[in-house]
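**Q** I'd like to go over a predicted model; first the sequence, then the structure.
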Amino acid sequence: MPESAWLEKPAYPVVFVILLSLVFVGVLALVYRLNEPGIQKQTQEAYERAILGLCADSLAALSGKTAGQIQAEYPRSFNEYVRALPAGNYPRKAFEVRYGGRLLAYIFDITGKGLWGTMRALAATDQGKTTVLGVNIYEQMETPGLGARIGEDWFTGQFKRKAILVNGVPVKFTLIPEGQAPGDPTQVRQVTGATITSNAVIKMLQTELALIGESAAEVKQ
Amino acid sequence: MTKKDVFLNGAFRENSVWKQILGICSTLAVTNLMLNSLIMGLGLTFALALSSFTISLIRNYTPRSVRMIAQTLIIAAYVIIVDIVLKAQLPEISKQLGPYVGLIITNCILMGRAEAFASKYPPIDSLVDGIGAGAGYTLVLMLISFFRELFGFGTLFGVQVLGGWWTDWSIMAMAPSAFFLLALLIWIINKKYYKVG
């Protein structure tokens, strides 16, 4: 180290770390600003593709195309079949999916509490908003390798065509081991080692769809 | 030591993975596909080379008592830059690599090179050492991922190489296969080049 009285002072290490932090925070802020439009574009595209993925099967059944073709035709297919509903219609961000004027599904952007933080998911429902047609958990902070596996297709796929609410009352689900075949529709295979997170997904679906159902009933009245 | 020697030392003679057994976690985790391995290797090389350069540049002004905090801060900044650029330019790969890009910060190779080399030698030598060590790490990743992707999926860089007759070895897609391949690689290299055993 060069000899200097200032460098020998006890305050020097503190000043050094503060200055270094300031320089690198500035560099990071600049890099992020430069890349922000790209990140936002990619995030939006991933979000719209997730919405399209949830309704691709329903669209494929009517259009004569395969679900893969519909997804490959993004963004044209998204713009043609999916419409964002005006804010205020529902307590959550909502979309409707139509084919030739026929309503196929609603898609809601829902949130819930996971073990480590907030989970965000897209839930496709039938017209009554009580049966789930598909779920995509697009943001979560669960433990990698354990709870984070709620994003895997085998887990989210279990909720397809599952009634979440019956007459406004949440269906009571029971968790069964991951490797076990469900005996009835109220059984859900949990992620091994992540009981709290598995339950959190069920609770999120029930709470959020109940909330959406209540607001829809209020609108009718 | 010439720049060439510095590079060769970092990349081969003192290779971080097969000689120093560092950076094993990501070596096991991301080597199921060659493209992921290449991006991970390039990301680490970028972060390693530039952090070594920066640490070396300020080494004469870095108080010894806070040197490790400073090194971690510099490494973290470059890793976050890699993460931001991947998210903006290669979102699919960023998603597949998951937390492992962020975990470059805790990769022992970076702190190891910072302490062993960058904090003692001039900036250009440190940059070359970082590139060399990163290239050596990338080489190991590519070697392991070559076998894992080929036998696990029948593809190389996503291109189908083995025909329909090939039955994928599912164990190659899982982390334990990387354990076996890495152990095999370390054994062969030590036996052949370091005259061990």
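**A** That came through, no problem.
**Q** and chain B, which residues reach chain A?
**A** Residues of chain B lying close to chain A (Cβ under 8 Å from any Cβ of the partner chain) are B:58, B:60-63, B:65-66, B:69-70, B:73-74, B:77, B:80-81, B:84-85, B:87-89, B:91, B:98-99. Where C-beta positions appear, they are placed from N, C-alpha and C, glycine not excepted.
**Q** which of those fall within helices?
**A** Applying DSSP state H to the residues of chain B next to chain A, the entries found in helices are B:69-70, B:73-74, B:77, B:80-81, B:84-85, B:87-89, B:91.
**Q** host element of the residue of chain A at minimum distance from chain B?
**A** The minimum distance from chain A to chain B, using Cβ to the nearest Cβ, falls at A:G38 (3.4 Å). Following DSSP states H and E, one finds A:G38 within helix A:12-63.
**Q** next one: A:P86
**A** Using DSSP H and E, A:P86 sits within no helix or strand.
**Q** return the distance of it relative to A:A121.
**A** 22 Å (Cβ to Cβ, to the nearest Å).
**Q** quick one: which of those two has more around it?
**A** More crowded of A:P86 and A:A121, by other Cβ atoms under 10 Å in any protein chain shown: A:A121, with 23 against 8.
**Q** doesn't the more buried one fall inside a strand?
**A** Yes. The assignment for A:A121 by DSSP: H, G, I helix; E, B strand; the rest coil puts it in a strand.
**Q** surely it touches A:K93?
**A** No. Between A:A121 and A:K93 there is no contact under Cβ atoms under 8 Å: 11.7 Å.
**Q** between these two, which contacts overlap?
**A** Common neighbours of A:A121 and A:K93 (criterion: Cβ atoms under 8 Å, 6 or more residues apart in numbering or on different chains): A:D109.
**Q** name the residues of stretch A:171-179 that are buried.
**A** For stretch A:171-179, a neighbour-count test (16 or more other Cβ atoms under 10 Å in any protein chain shown) marks A:F173 as buried.
**Q** next one: that stretch to chain centre, how far?
**A** 21 Å (Cα atoms, centre = their mean, to the nearest Å).
**Q** who are the packing partners of the helix or strand encompassing A:L103?
**A** Using DSSP H and E, the element containing A:L103 is strand A:102-113. Packing partners of strand A:102-113 (3 or more Cβ pairs under 8 Å, 6 or more residues apart in numbering or on different chains; DSSP states H and E): helix A:12-63, strand A:94-99, strand A:118-125, helix A:195-220.
**Q** what comes into contact with stretch A:148-158?
**A** If you take Cβ under 8 Å, 6+ apart as the criterion, stretch A:148-158 is touched by A:119, A:134-137, A:140, A:142, A:182, A:188-189, A:191, A:194, A:197-198, A:201.
**Q** avg pLDDT for it?
**A** Stretch A:148-158 shows an average pLDDT of 91 in the prediction.
**Q** residues of it that come out buried?
**A** A:A148, A:R149, A:I150, A:G151, A:F155, A:T156, A:Q158.
**Q** which element follows the worst-scoring helix or strand of chain B on mean pLDDT toward the C-terminus?
**A** Scoring the helices and strands of chain B by mean pLDDT, DSSP states H and E places helix B:91-97 at the bottom, with a mean of 81. For helix B:91-97, the succeeding helix or strand toward the C-terminus, using DSSP H and E, is helix B:108-113.
**Q** and the gap between the closest residue to A:K203 other than its chain neighbours and A:A210?
**A** Residue nearest to A:K203 in three dimensions, not counting chain neighbours: A:G112, with 6.3 Å by Cβ to Cβ, 6 or more residues apart in numbering or on different chains. The gap separating A:G112 from A:A210 is 12 Å, by Cβ to Cβ.
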